[in-house]
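Asks: sequence and computational prediction follow.
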Amino acid sequence: MAILSIQSHVAYGHVGNSAAVFPLQRLGNEVWPVHTVHFSNHTGYDTVRGTVLGADLVRETVTGIGERGVLPRCDAVLSGYLGDAAIGHAVVEAAAAARAANSRALYCCDPVMGDHDATGGPGGLYVKPDIPDLMRAAVVPHADITTPNQFELELLTGQPCAALPQIIAAADSLRRRGPGVVLVTSVRRDDGDPDRIEVLARTAKGAWLIGTPRIRLSHPPTGSGDAFAALFLGHYLKCRSVPAALELAVNALFTVFEATDRAGARELCLIDAQDALAEPGRRYRCHALAQ
């Protein structure tokens with residue numbers, strides 16, 4: 001499989017393409033990374049150096065890839081952190097170009113915008129204020145798969161997502177706008193176990209929920225959503241089953257969190273846990289929800 005991944009890049013740590021490319025490669029995929037920013041590290045640190053790369057550079061890079069005659073081999077486009085609203089339009093154009101060359105190509109959009117804080121508090125945005133409107137109106141509707149976290153689902157739909165019925169209703173609302181598959185990550189709901197964290201998958205065929213114990217890391221790492229989107233997409237391209245890919249992605253990421261916890265690290269220990277990316281086992285299972 002070949003995947004065009006359009007996301008941020010950091011030299012140190014694992015967010016954006018630095019969290020997505022290696023897992024996809026470890027699953028046996030050819031990955032063509034296109035960077036939307038080039039930073040020294042993610043913005044959660046006290047200092048960050050680097051620059052946002054403009055939409056024209058993204059377009060030029062995708063055009064250059066197309067000139068190699070390889071877009072008909074592109075099985076999927078994955079997007080994440082944009083850095084600038086104009087880049088969102090370039091991403092949509094790239095997905096359209098991939099689909100024009102290969103009608104079976106999928107577009108998986110991770111609508112990176114913000115999150116609740118690590119304790120389930122209000123959290124907030126960590127992107128420019130015009131990004132939510134762009135995601136809502138111009139990017140997510142073009143996706144086949146989208147992977148918002150609970151906070152981002154609320155932003156995209158304007159609906160409360162505190163309890164499971166509300167989360168399902170919001171996922172259905174988002175599906176009606178375009179994506180056939182909605183995966184809601186980092187779910188900590190009022191009607192759930194506070195010691196577990198969950199992912200909900202919603203498609204036209206049903207809904208599935210999977211939970212794992214919450215590992216309360218001393219430095220909750222950034223980039224887990226980026227890694228999850230890549231892992232789900234990589235496994236889904238192989239098995240074409242939403243619940244199966246969901247289990248594989250969640251179990252793989254849980255193993256990464258275990259390795260990160262053991263190391264006391266601030267960054268995801270993707271390299272230490274690399275064998276689990278491809279062969280995660282299934283300690284935790286998803287279950288279908290009643291319709």
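Replies: Perfect, I can see it now. This structure is a prediction, so every number in the text was calculated from the model and none was measured.
Asks: which SS state does residue 220 fall under?
Replies: coil (DSSP: H, G, I helix; E, B strand; the rest coil).
Asks: pLDDT at it, what is it?
Replies: pLDDT for residue 220: 77.
Asks: that one and residue 277, how far apart?
Replies: When distance is defined by C-beta to C-beta, to the nearest Å, residue 220 is 20 Å away from residue 277. Just so you know, the C-beta spots here come from the backbone N, C-alpha and C atoms, and that holds for glycine as well.
Asks: higher neighbour count, the two?
Replies: When residue 220 and residue 277 are compared for neighbours, residue 277 comes out ahead with 26 against 16, by other C-beta atoms under 10 Å.
Asks: secondary structure element for that one, which one?
Replies: Element membership for residue 277 (DSSP states H and E) is helix 274-278.
Asks: give me the contacts around that helix.
Replies: By C-beta atoms under 8 Å, 6 or more residues apart in numbering, the residues outside helix 274-278 that reach it are 22-23, 26-28, 231, 251-252, 255-256, 270.
Asks: helices and strands around the helix or strand following it, which ones?
Replies: Next in sequence after helix 274-278, counting helices and strands by DSSP H and E, comes strand 287-288. Helices and strands touching strand 287-288, by 3 or more C-beta pairs under 8 Å, 6 or more residues apart in numbering; DSSP states H and E, are strand 206-213.
Asks: list the buried residues in the strand it packs on.
Replies: Within strand 206-213, the residues scored as buried using 16 or more other C-beta atoms under 10 Å are 207-212.
Asks: now do stretch 258-278
Replies: The neighbour-count check on stretch 258-278 (16+ other C-beta under 10 Å) flags 258-260, 265-270, 272-274, 276-277 as buried.
Asks: how long is that stretch end to end?
Replies: Stretch 258-278 has its terminal residues 16 Å apart, counting by C-alpha to C-alpha, to the nearest Å.
Asks: cool, stretch 172-187 as well?
Replies: Start to finish, the residues bounding stretch 172-187 are 16 Å apart (C-alpha to C-alpha).
Asks: quick check, distance from it to the centre of its chain.
Replies: Relative to the centre of its chain, stretch 172-187 is centred 12 Å away, using C-alpha atoms, centre = their mean, to the nearest Å.
Asks: who touches it?
Replies: 109, 115-116, 140-151, 153, 156-157, 159, 161, 167, 170-171, 197-204, 224-225, 228-229, 232, 242, 246.
Asks: next, the angle from the helix or strand harbouring residue 243 to strand 206-213.
Replies: Using DSSP H and E, residue 243 falls within helix 242-263. Relative orientation of helix 242-263 versus strand 206-213 (axes from the mean of the first three to the mean of the last three C-alpha atoms, to 10 degrees): 10 degrees.
Asks: buried set for helix 242-263?
Replies: Burial within helix 242-263, assessed by neighbour count using 16+ other C-beta under 10 Å, is assigned to 242-260.
Asks: which residues does it contact?
Replies: Taking C-beta under 8 Å, 6+ apart as the rule, helix 242-263 contacts 23, 181, 183, 199, 201, 203, 205, 208, 210, 212, 215, 217, 221, 224, 227-228, 231-232, 235-236, 238-239, 267-270, 272-273, 276-277, 280-286, 288.
Asks: just the strands in the stretch 1-150 of the chain please.
Replies: According to DSSP state E, counting those that start in this stretch, the stretch 1-150 of the chain carries its strands in the segments 2-10, 30-39, 50-52, 74-79, 106-109, 114-115, 124-125, 145-146.
Asks: of those strands, which is nearest residue 67?
Replies: Each of these has some distance to residue 67 by C-beta to C-beta; the shortest is strand 30-39, at 12.8 Å.
Asks: what packs against that closest one?
Replies: Partner elements for strand 30-39 (3+ C-beta pairs under 8 Å, 6+ apart): strand 2-10, helix 17-26, strand 50-52, helix 55-67.
Asks: tell me the buried residues in the last one?
Replies: By neighbour count, and taking 16+ other C-beta under 10 Å as the criterion, the buried residues in helix 55-67 are 55, 58-59, 61-62, 65-66.
Asks: just put those residues in JSON lines and tack on distance to residue 98 and pLDDT.
Replies: Listed next are these as JSON lines, based on distance: C-beta to C-beta, whole Å; pLDDT from 0 to 100:
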{"residue": "55", "distance to residue 98": "17", "pLDDT": "96"}
{"residue": "58", "distance to residue 98": "14", "pLDDT": "96"}
{"residue": "59", "distance to residue 98": "13", "pLDDT": "97"}
{"residue": "61", "distance to residue 98": "13", "pLDDT": "98"}
{"residue": "62", "distance to residue 98": "9", "pLDDT": "98"}
{"residue": "65", "distance to residue 98": "10", "pLDDT": "98"}
{"residue": "66", "distance to residue 98": "9", "pLDDT": "97"}
